[in-house]
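**Student:** Sequence first, predicted model second:
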Amino acid sequence: MKLKSVLLVLSAALSFNAYAQAPIVIKFSHVVATDTPKGQAAERFKQLAEKATNGRVKVEVYPNSQLYKDKEELEALQLGAVQMLAPSLAKFGPLGVKEFEAFDLPYIFPSKTALYNVTEGEIGKGLLKKLEPKGITGLAFWDNGFKVMSANKPLRTPADFKGLKLRIQSSKVLDAQMRALGANPQVLAFSEVYQALQTGVVDGTENPPSNMYTQKMHEVQKYVTVSNHGYLGYAVIVNKKFWDGLPPDIRTALDKAMKDATTFEKAIAQRDNDLALDAIKKTGKTDIYTLSVKEQAEWRKALLPVQQSMESRIGKDLISAINKEAAK
Ligand code: LMR
């Protein structure tokens, strides 16, 4: 009897100890390859977070849509099946936060500096706040780059787009952009793009070169146009209930890890895209063409009406505030 009580106490102590030591797990799901700016930054965050919390937090990174595709990952985050994501800014519309689609407006950012003025200033903060009623906390903006267009025919003037089926992310602005060029947009999850291009379900697409190269899209696209017509970046987000429930010291350590991972991410994004474009060129499979100033002016002219037609969706004030920052 005595021995039994001793054993009971011992096993209770052991399981309490195991409980006390069980790490807090952050499942971080994303849809791109590990050797992209986002993929590398997720790994960097994991290293920094685990070190800063002495292993009290374990970050499990799931790249390449291994766990969830675009739409499902946002649902999984809201349900708490994963804790952290970094969807592209074009993917927040279906969640009901249409303002994020402002980042998709063609030619709205003349440079990365203009973009950072927006993401790192009051506009960026205000946008992340809009996620809270959805049960989401926005932690940071991560960078990728300006997009190229690709197809199996040269795309030099807006007339070249006529009738092409082009894959887009789930953004009404991108839909309007492709229609303004005369193309037929088709929303597809990122994980489905390579196959859709290969089988001819769609004729072409747009993406920063780092995404194109790491998904091998260039193997099934003969022509790439460096048009820099739009931007693709990310918001790093967490399940709000999970985040608010963390011990304050852990949250502070994770905030700092995120800040450092963000600095790292921004430092590698442009270089990765430049290297990816070079690598595509070197395969010799895809012709890379950069728009001349005159050609770009034609694209701008064709795409200008998109800003106005999207005002009622995104908000006129937000668009003019971004234009003002971009002009600084
Ligand atoms: C896409 O769907 O094209 C991109 O948003 C993928 C990504 O996360 O960069």
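**Tutor:** Yep, that arrived.
**Student:** any idea where the helices of the protein begin and end?
**Tutor:** Secondary structure of the chain (DSSP state H): helices at 2-21, 37-52, 70-79, 112-119, 122-129, 172-180, 193-199, 209-214, 240-244, 248-283, 293-309, 311-314, 316-327.
**Student:** Run the chain-centre distance for the fourth one.
**Tutor:** Distance of helix 112-119 from the chain centroid (Cα atoms, centre = their mean, to the nearest Å) equals 16 Å.
**Student:** What of the third one?
**Tutor:** For helix 70-79, the gap between its own C-alpha mean and the chain's C-alpha mean amounts to 14 Å (Cα atoms, centre = their mean).
**Student:** before we move on, the earlier item: can you redo the helices of the chain as TSV with distance to Phe92, mean neighbour count and mean pLDDT?
**Tutor:** Using the backbone N, CA and C atoms, a C-beta is placed for each residue, glycine as well. As requested, these are exported to TSV (distance: least, Cβ to Cβ, whole Å; neighbours: other Cβ atoms under 10 Å; pLDDT from 0 to 100):
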stretch	distance to Phe92	mean neighbour count	mean pLDDT
helix 2-21	37	9	55
helix 37-52	16	21	98
helix 70-79	8	18	96
helix 112-119	14	18	96
helix 122-129	9	15	98
helix 172-180	11	22	98
helix 193-199	19	17	98
helix 209-214	18	26	98
helix 240-244	15	15	98
helix 248-283	18	17	98
helix 293-309	18	15	97
helix 311-314	11	14	97
helix 316-327	13	15	94
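**Student:** how about those, which one is nearest the ligand?
**Tutor:** Checking those against the ligand by Cβ to the nearest ligand atom gives helix 209-214 as the closest, at 5.1 Å.
**Student:** Return the distance of that closest one from the chain's centre.
**Tutor:** Its chain's average C-alpha position is 13 Å from that of helix 209-214, according to Cα atoms, centre = their mean.
**Student:** For it, name the packing helices and strands.
**Tutor:** Under the contact criterion of 3 or more Cβ pairs under 8 Å, 6 or more residues apart in numbering; DSSP states H and E, helix 209-214 touches strand 136-146, strand 148-151, helix 248-283.
**Student:** Just send the helices of the chain back as TSV, with distance to the ligand too.
**Tutor:** Converted to TSV, the helices of the chain look like this (distance: least, Cβ to the nearest ligand atom, whole Å):
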stretch	distance to the ligand
helix 2-21	35
helix 37-52	6
helix 70-79	6
helix 112-119	15
helix 122-129	17
helix 172-180	10
helix 193-199	7
helix 209-214	5
helix 240-244	21
helix 248-283	11
helix 293-309	18
helix 311-314	18
helix 316-327	20
